[in-house]
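# No letters, just coordinates:
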């Protein structure tokens, strides 16, 4: 019978988190205990492993190799099968795939990107075993932590920190303003959405109504005159301004900006040159007032045409999907991105834009300000409905205000300094969007639409941010 690891085993994983996967490290597993998993540079220490075989002797040696982001432990049995099995159990808990013999050459050539703990059950197993939270980060494997656009493939190294999903969610909980009878209208957030034209009226509605559903008190939409009546008919809760295509649009919108806590640019904007010019000027006015800005959809098209309108503005968050990210990356860096290195590409784009926060949407949402990285891999659904990105933008508009308010009030106890207010807001919004998608799909299956997702915001918000 293979030995079992007793529940008393604890592993101090934090110290080694930032370095422990490097190529060709030797792994030595002495009898009855793992003294060092790698070497002194990683400083991974464990308490003695208790097995069912008290007389275990011998050791197991192996190596860790990085194979296109899939990290594989290759164990070689020396003279004791039971001890080797103990080692396998330990490393499986760390998220490694165990192999015997040589590593499959196909994995060396694989361009697929995968995280070690891709399943919720694996992450929970890690947290229970190590008695500490888990989060995954990735960074280019280079000493200067920089990525040259012409350097070809740069391998990513798996990193951990003490910021787990539950940890970031806990930080998000702490920045949400508590409701009380002394609050006045607008105190929990006033969000403006800049977008909406004759062809696209649904997107600004989705973003604006989501901002309200998440918890903002007031939500405004600045759209063209042809879209205003339609958007008003969707919901009486929205304040709609039919001024975006007027001759005095910049002046009228600018007069409103001091009243807002955040600005969402792009949903339903369209690509009319006159509108894009107006929006460019409004963004400049918002920057002058240090207003947090979310840029999505055709707002990203505008940034792709002129990256300087947002460059260096760290209060901005860009939310590109895969296609939008490709276009923006090529425009800013002058080269196509390497799809096998999504973390490195997102970080480099953020750096080149002056550390603007980038949320690269996909199977995993990669959130980075060029220095720090969060990866939201919470379960959603296989259904990807039009308008889901607008829901994210609206939620982000509200969370950006709440997070920035915590920073401005010097609320150090919330821990937001550990990840930064834009990353915290983005992660909270991505998690909420994914849970809404999951809940809506559970009820509606293939018929799920963004309207179904919006109907789940209340339940999802309570589940994530109000339940103990």
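It's in. All values reported here derive from a predicted model rather than from experimental measurement.

# hey, let's count contacts and neighbours off CA atoms from now on
Noted.

# Could you pull up the mean pLDDT of stretch 218-227?
Averaged across stretch 218-227, the pLDDT comes to 98.

# so what are the domain limits for the protein?
11-125, 169-466 (automatic domain parsing).

# By mean pLDDT, show me the worst of the ones you listed.
domain 11-125 (a mean of 36).

# what sits opposite residue 262 in the beta ladder?
residue 191 (DSSP bridges).

# got a list of what it touches?
Listed by CA atoms under 8 Å, 6 or more residues apart in numbering, the contact partners of residue 262 are 190-192, 291-294, 397-398, 400-401.

# ok, now how distant is it from residue 191?
Counting by CA to CA, to the nearest Å, the gap from residue 262 to residue 191 is 5 Å.

# overlap in contacts of these two?
By CA under 8 Å, 6+ apart, the residues touching both residue 262 and residue 191 are 397-398.

# Most neighbours among the contacts of residue 262, which one?
Neighbour tally across these (other CA atoms under 10 Å): the maximum, 37 neighbours, falls on residue 397.

# Three-state assignment for that one, please.
The three-state assignment at residue 397 reads helix, by DSSP: H, G, I helix; E, B strand; the rest coil.

# Name the nearest residue to it, ignoring sequence neighbours.
In space, and not counting its chain neighbours, residue 397 is closest to residue 262: 5.7 Å by CA to CA, 6 or more residues apart in numbering.

# Look up how far residue 320 lies from that neighbour.
Distance of residue 262 to residue 320, computed by CA to CA: 19 Å.

# Stretch 443-461: end-to-end distance?
End to end - CA to CA - stretch 443-461 spans 17 Å.

# what does stretch 314-325 give?
End-to-end distance (CA to CA), stretch 314-325: 18 Å.

# Can you give me the buried ones in the longest helix along the chain?
The longest helix of the chain (DSSP state H) is helix 421-444. Under the neighbour-count criterion of 16 or more other CA atoms under 10 Å, helix 421-444 has 421-441 buried.

# sorry, back to before: quickly compare the domains of the chain and say which is most buried.
Highest mean neighbour count among the domains of the chain (mean count of other CA atoms under 10 Å): domain 169-466, with a mean of 20.

# packing partners for the helix or strand containing residue 391?
Using DSSP states H and E, residue 391 sits within helix 388-408. Packed against helix 388-408 by the contact rule (3 or more CA pairs under 8 Å, 6 or more residues apart in numbering; DSSP states H and E) you find helix 165-175, strand 190-194, helix 202-214, strand 262-265, strand 293-295, helix 421-444, helix 450-454.

# Would you format these as JSON lines with distance to residue 464 included?
Formatted as JSON lines, these follow (distance: least, CA to CA, whole Å):
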{"stretch": "helix 165-175", "distance to residue 464": "7"}
{"stretch": "strand 190-194", "distance to residue 464": "22"}
{"stretch": "helix 202-214", "distance to residue 464": "12"}
{"stretch": "strand 262-265", "distance to residue 464": "23"}
{"stretch": "strand 293-295", "distance to residue 464": "22"}
{"stretch": "helix 421-444", "distance to residue 464": "7"}
{"stretch": "helix 450-454", "distance to residue 464": "15"}
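
# Out of those, flag the one nearest residue 376.
For these, proximity to residue 376 was assessed by CA to CA; helix 421-444 is nearest, at 6.5 Å.

# what angle separates the closest one from helix 165-175?
Helix 421-444 and helix 165-175 are oriented at 110 degrees to each other (axes from the mean of the first three to the mean of the last three CA atoms, to 10 degrees).

# And residue 185, its phi and psi?
phi -60, psi 130 (degrees, to the nearest 10).

# wait, doesn't it sit right on residue 217?
Yes. Taking CA atoms under 8 Å as the definition, residue 185 is a contact partner of residue 217 at 6.2 Å.

# so where do the helices sit in the stretch 201-350 of the chain?
Listed in chain order, the helices of the stretch 201-350 of the chain (DSSP state H, counting those that start in this stretch) span residues 202-214, 225-234, 249-256, 273-288, 298-305, 322-333, 342-352.

# what is the orientation angle of the fifth one with helix 322-333?
Using the same axes, to 10 degrees, the direction of helix 298-305 lies 30 degrees away from that of helix 322-333.

# ditto for the first one
For helix 202-214 against helix 322-333, the angle between stretch directions is 100 degrees (the same axes, to 10 degrees).

# please begin residue numbering at 827 from this point
Yep, numbering from 827; the last one is helix 1028-1040 now.

# Show me what helix 1028-1040 is packed against.
strand 1016-1020, strand 1044-1048, helix 1051-1060, helix 1214-1234, helix 1276-1280, helix 1283-1287.

# List the contacts of it.
Residues contacting helix 1028-1040 (CA under 8 Å, 6+ apart): 1017-1022, 1044-1047, 1057, 1060, 1063-1064, 1093-1094, 1213, 1216-1224, 1276-1277, 1280, 1283-1284, 1287.

# now residue 1118: how far from residue 1083?
11 Å.

# shared neighbours, those two?
residue 1112.

# of the helices and strands packed on helix 1028-1040, which approaches residue 1162 most closely?
helix 1214-1234 (23.7 Å).

# surely residue 1207 meets residue 1259?
No. Residue 1207 lies out of contact with residue 1259 (CA under 8 Å); the separation is 10.7 Å.

# Many thanks, have a good one.
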